[in-house]
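1. Got a sequence here, can you model it:
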Amino acid sequence: MSRFGTPGRLAFAATLVTVLVTAPLGGPAARAHLPGPTPAAAPAAERPATLDPGRLRATLEATRATGMYGLYSTVRAGGERWQGASGVADVRTRRPVEPGLTHRVGDVTAMFTAVAVLRQAERGRLRLDDPVAAHLPDLFPDDRGQRVTVRMLLDHTSGVADHRHATFPSLTERSPASLDAGRRRRADVDRLIDRGVSAPPTGVPGERWSYSTTNTLVAGRVLEKVTGERAEDVITRDVIRRAGLRHTAFPRQPRLRSPHARAYEGLYGGLTPPRDYSDYDMSYAWTAGALASTMDDLTRFQRALFQGRLLDARSLAEMRRTVPATDGTTAFRYGLGLAAFDLSCGTFWGHDGAVFGAGTRVLSGPDGERQLAVGWNLTGYQRLDGAGRPVVHPIDNALRAHVEQALCGGPDTLPAGPGSQPMPLVHLDPAR
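-> Here you go, the predicted structure:
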């Protein structure tokens, strides 16, 4: 997942590919001891009252012109809605992208899972500060089951390692071999969880933030234990249908059945030309990143969430209680399945997501009046520097300019600077 840095610019975390190439298992983590969750501030913001379709279209076109294959965006402000698309969905046929295409949203799924867990807390079936062992007594081989809480799963302070380092081992060599091997392989979720639980912990439970998709898989198992239902069914009933979403689901087959863009992964120069990964069995991502949706549905979801139609006020406040987090270079704040992102006009809430070849960003103002969802179909397009970090690409600055235009009303372009961080793709995604 990525985060927005100082007001007026966006800064983004490295992808898991980069982490696997350059960092020890567990990846970057917040090192300071966590004093306890604190509500993230939402500073007053001067935002335009209406949308500017011409400028929104211009920033979308500018992103395509810098090298992005295709992207599509939906923006809502009050009663207004704007949708746009630019580029191609298929580089071979030159089929154009459209605003309503289905898209794999990666770690944005974590927001849906967190909402489903919080709804069970509202019903009294669990408490956020329950030890995981209260629901899954045999999960941990040691006493961590008594020390890791449900809250720690959702805010990623559990210290449980990310299973993806073992699931995609070839990425440490920037090789797609293990990724290609999993195209049609049905994952055993319990085995994935065991890989994360059995790996060396990234820290003492509750001590520091360290993103791990294993946490969100375990949260899915907790959902199943307290409801007696499949997690996908709980999320579909309690979140997707409750929000009125008609184009959001957990795909059951590797190929998306509704119209979609091809998904191209470049592996930071490791795949030339970028390879198509649009057909992929996403069972390994499950409650951490398997959802497919549309940009319109994602803005509807955000509006329903932040206007109080999915959770009561107390639960939404818990969701927005944050812990300090960092990608290793820039500090940000992470709550229960969502992050606080600072733009030039104030704080917005949401998540990033990425599966190989598909990137997503969703954001909402704290009052639920303004939303953005944008998806793109080329990832890993940057090159790595000597330290293994992605070098800022013109796509990154163009895409963050679109985000600023959508939510803050400008500017249309943002200059690159030595402090800039590349925007995609986020190391919170289960595929990366």
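2. residue ranges of the helices in the stretch 1-150 of the chain, please?
-> In the stretch 1-150 of the chain, the helices defined using DSSP state H, counting those that start in this stretch lie at 16-22, 53-65, 109-122, 144-147, 150-155.
3. Go through these and find the least confident stretch.
-> Note on the helices of the stretch 1-150 of the chain: lowest mean pLDDT is at helix 16-22, with a mean of 41.
4. Name the helix or strand for the nearest residue to residue 307 once chain neighbours are set aside, please.
-> With CB to CB, 6 or more residues apart in numbering as the criterion, residue 307 has its nearest non-adjacent residue at 3.7 Å, and that residue is residue 368. C-beta: built from backbone N, CA, C; applies to glycine. Taking DSSP states H and E as the definition, residue 368 sits outside all helices and strands.
5. Contacts only, for residue 368.
-> Going by CB atoms under 8 Å, 6 or more residues apart in numbering, residue 368 touches 302, 303, 304, 305, 306, 307, 308.
6. I figured the fifth one hits residue 364, correct?
-> Yes - if you go by CB atoms under 8 Å, residue 306 and residue 364 touch, sitting 5.0 Å apart.
7. shared neighbours, the two?
-> The contact sets of residue 306 and residue 364 overlap at residue 349 (CB under 8 Å, 6+ apart).
8. And residue 336, which helix or strand is it part of?
-> Counting by DSSP H and E, there is no helix or strand that carries residue 336.
9. Count the neighbours of it for me.
-> 28 (other CB atoms under 10 Å).
10. which non-adjacent residue is nearest it?
-> Residue nearest to residue 336 in three dimensions, not counting chain neighbours: residue 154, with 4.0 Å by CB to CB, 6+ apart.
11. Check for me that residue 218 belongs to a strand.
-> No - checked against DSSP: H, G, I helix; E, B strand; the rest coil, residue 218 lies outside a strand; its state is helix.
12. gap between the residue nearest to it when sequence neighbours are not counted and residue 324?
-> Leaving aside its sequence neighbours, residue 218 sits nearest to residue 153 (CB to CB, 6+ apart; 5.5 Å). Per CB to CB, to the nearest Å, residue 153 is found 18 Å from residue 324.
13. likewise residue 120?
-> From residue 120 to residue 324 the distance is 27 Å (CB to CB).
14. Check residue 95 too.
-> 44 Å.
15. cool, residue 372 as well?
-> Distance, residue 372 to residue 324, by CB to CB: 25 Å.
16. So between the two, which is more surrounded?
-> Neighbours were counted for residue 372 and for residue 324 using other CB under 10 Å; residue 372 has more, 28 against 19.
17. so where do the strands sit in the chain?
-> 38-39, 70-77, 80-87, 103-104, 264-265, 275-276, 292-293, 321-326, 331-334, 339-343, 346-355, 358-364, 370-376, 378-379 (DSSP state E).
18. still on that earlier bit, between the helices of the stretch 1-150 of the chain, which gets nearest to residue 212?
-> Residue 212 lies closest, by CB to CB, to one member of those: helix 150-155, at 9.1 Å.
19. centre of the chain versus that closest one, how much separation?
-> Here helix 150-155 is found 16 Å from its chain centre; the criterion is CA atoms, centre = their mean, to the nearest Å.
20. Show me what it is packed against.
-> Under the contact definition 3 or more CB pairs under 8 Å, 6 or more residues apart in numbering; DSSP states H and E, helix 150-155 sits against helix 109-122, helix 213-227.
21. TSV please, covering those and showing distance to residue 238 and mean neighbour count.
-> Formatted as TSV, these follow (distance: least, CB to CB, whole Å; neighbours: other CB atoms under 10 Å):
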stretch	distance to residue 238	mean neighbour count
helix 109-122	5	25
helix 213-227	9	24
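22. Let me have these in JSON lines, extended by distance to residue 317.
-> As requested, the helices and strands packed on helix 150-155 are exported to JSON lines (distance: least, CB to CB, whole Å):
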{"stretch": "helix 109-122", "distance to residue 317": "10"}
{"stretch": "helix 213-227", "distance to residue 317": "19"}
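23. For burial, what's the neighbour tally of residue 134?
-> Neighbour tally, residue 134, other CB under 10 Å: 16.
24. List the contacts of it.
-> Here residue 134 is in contact with residue 126 (CB under 8 Å, 6+ apart).
25. For it, report the pLDDT, please.
-> Note on residue 134: pLDDT of 98.
26. Relative to residue 88, how far out is the closest residue to residue 381 other than its chain neighbours?
-> Of all residues not flanking residue 381 in the chain, residue 266 sits nearest, at 4.9 Å (CB to CB, 6+ apart). Separation of residue 266 from residue 88 (CB to CB) stands at 16 Å.
27. that older thread, okay but the residue nearest to residue 336 is in contact with residue 339, surely?
-> No - taking contacts as CB under 8 Å, residue 154 lies outside contact range of residue 339: 11.9 Å.
28. residues near residue 337, how many?
-> Neighbour tally, residue 337, other CB under 10 Å: 26.
29. right, and it touches residue 110 too?
-> Yes - Residue 337 lies in contact with residue 110 (CB under 8 Å); the separation is 4.7 Å.
30. Which pLDDT value goes with residue 41?
-> 49.
31. Dig out what residue 103 forms beta bridges with.
-> residue 293 (DSSP bridges).
32. what's near enough to touch it?
-> Neighbouring residues of residue 103 by CB under 8 Å, 6+ apart: 72, 260, 261, 292, 293, 294, 295, 358, 360, 375.
33. Redo those as JSON lines? Include pLDDT and distance to residue 394.
-> Converted to JSON lines, those look like this (pLDDT from 0 to 100; distance: CB to CB, whole Å):
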{"residue": "72", "pLDDT": "99", "distance to residue 394": "19"}
{"residue": "260", "pLDDT": "99", "distance to residue 394": "26"}
{"residue": "261", "pLDDT": "99", "distance to residue 394": "21"}
{"residue": "292", "pLDDT": "99", "distance to residue 394": "29"}
{"residue": "293", "pLDDT": "99", "distance to residue 394": "28"}
{"residue": "294", "pLDDT": "99", "distance to residue 394": "27"}
{"residue": "295", "pLDDT": "99", "distance to residue 394": "23"}
{"residue": "358", "pLDDT": "98", "distance to residue 394": "20"}
{"residue": "360", "pLDDT": "98", "distance to residue 394": "20"}
{"residue": "375", "pLDDT": "99", "distance to residue 394": "19"}
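34. As JSON lines, these with neighbour count would be great.
-> Shown next, in JSON lines, are those (neighbours: other CB atoms under 10 Å):
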{"residue": "72", "neighbour count": "26"}
{"residue": "260", "neighbour count": "21"}
{"residue": "261", "neighbour count": "30"}
{"residue": "292", "neighbour count": "22"}
{"residue": "293", "neighbour count": "26"}
{"residue": "294", "neighbour count": "26"}
{"residue": "295", "neighbour count": "30"}
{"residue": "358", "neighbour count": "30"}
{"residue": "360", "neighbour count": "29"}
{"residue": "375", "neighbour count": "31"}
